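Colleague: okay, sequence plus prediction incoming.
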Amino acid sequence: MVGALSAFYHDSTDITNPQHRDISAIRLIAKMPTLVAMAYKYTVGQPYMYPKNNLSYAGNFLHMMFATPCEEYKVNPVLERALDRIFTLHADHEQNASTSTVRLCGSLGHQPLCGDRSWRGVPVGPCTRRRQRGRAQHAGRHSAP
């Protein structure tokens, strides 16, 4: 689903532009709770709940995960505050596996919203393409006739 986001936002695909990178990062962070909640609701066979503008980031995530259309869902402020802190701690965690993967892909010139390939360990970017061309040329010199 993350990889599909690049199909919707053609205005910020230049990874060499710092403003485009910021826009892509903000969009990715903003869309993740919605994508996760939608996947969860699908797996449990419940209807998808739309986000509400009057709720916080964590409150919206709780609402989309646990609300149902037939009952009013009141976000528990203790859970909302705890989840907000968990998100902050997770975002601040320096070198976990996903952070290392994103940094590696970013250093290769990988487009952020095309994250599908980066999570599978197949980064694609200008540096990768140069390296692949070099390997192909090198292999051609040393192959048997």
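Modeller: Thanks, I have the structure now.
Colleague: low pLDDT regions in this structure?
Modeller: In the predicted model of the chain, residues 92-99, 110-145 satisfy pLDDT under 70.
Colleague: so which other helices or strands are in contact with the host helix or strand of residue 37?
Modeller: Secondary structure from DSSP states H and E places residue 37 in helix 18-44. Judged by 3 or more CB pairs under 8 Å, 6 or more residues apart in numbering; DSSP states H and E, the packing partners of helix 18-44 are helix 57-66. C-betas here are computed from N, CA, C, even on glycine.
Colleague: tell me which residues of the helix it packs on are tucked away?
Modeller: 58-66 (16 or more other CB atoms under 10 Å).
Colleague: cool, and stretch 7-17?
Modeller: 12, 15.
Colleague: give me the distance between the two termini of that stretch.
Modeller: The first and final residues of stretch 7-17 sit 19 Å from each other (CA to CA, to the nearest Å).
Colleague: which strands and helices sit next to the helix or strand harbouring residue 86?
Modeller: Applying DSSP H and E as the criterion places residue 86 in helix 77-92. The helices and strands touching helix 77-92, judged by 3+ CB pairs under 8 Å, 6+ apart, are helix 57-66.
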